[in-house]
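Trainee: Quick one, what's the 3D model for this:
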Amino acid sequence: QVQVAESGGGLVQAGGSLRLSCVASGRTSGVEGMGWFRQAPGKEREFVAAIWWSGNLTYYTDSVKDRFTISRDNAKKTGHLQMNSLKPEDTAVYYCAVGLSARPSVRATLAYAYWGQGTQVTVSS
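Mentor: Numbering: from 1, shown residues only. Below is the predicted model of the structure:
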C-alpha cells in the first residue's frame, strides 16, 4: 500500500501564490508518476497537472499553464505544485495522487491508484 498526504492549502487573495506539497510513503517502489486534481463544489474532479518519472515529463491543463509548476524530489518521494497568479476560479479541494502506470492517460483519474485526502485552496477576489 501507498499512503499519500497533501499539505499547503489555505486562503489567498487573487494574484497571490501557494505551494502545495505531496508526500508518498509506504511501498512506493512501483510509483511512476504523480498528479494533482481539483474539485470545486458542485463540479467533477478535474485534472490540473502531472509529472511522470520517465523522461521527467510534465503535463498541465490549459487553464493553469504558465501559472502553475509541478515538480518532484524523487529521493524524498515528494512532489510540489507551485501556484502563482491565483484566480477565484482556482478555488477547490486539491488532491494529490500517485500512479503505477500512465494508462489510460496521465490526465485520467484511472491512471492514479493512490490518493490523498485533499487540501482546500480558497482564492478570494
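Trainee: now the helix or strand encompassing Ile51: mean pLDDT?
Mentor: Using DSSP states H and E, Ile51 sits in strand 46-52. The pLDDT scores in strand 46-52 average 96.
Trainee: again with stretch 72-88
Mentor: Here the average pLDDT along stretch 72-88 is 90.
Trainee: Need the residues that contact it.
Mentor: Outside stretch 72-88, the residues that touch it by Cβ atoms under 8 Å, 6 or more residues apart in numbering are 12, 14-25, 28, 31, 34, 36, 48-49, 51, 53, 64, 67-71, 90, 94, 96, 121, 123-125. From N, CA and C alone the C-beta is placed, and that goes for glycine too.
Trainee: Check the separation of the first and last residues in stretch 24-35.
Mentor: 12 Å (Cα to Cα, to the nearest Å).
Trainee: Centre of the chain to that stretch, how far?
Mentor: How far stretch 24-35 lies from its chain's middle: 14 Å, per Cα atoms, centre = their mean, to the nearest Å.
Trainee: go on, stretch 118-125?
Mentor: Distance, centroid of stretch 118-125 to centroid of chain: 14 Å (Cα atoms, centre = their mean).
Trainee: One more: stretch 52-63?
Mentor: 11 Å.
Trainee: cool, stretch 104-114 as well?
Mentor: 12 Å.
Trainee: buried sites along it?
Mentor: Val106, Arg107, Thr109, Ala111, Tyr112, Tyr114 (16 or more other Cβ atoms under 10 Å).
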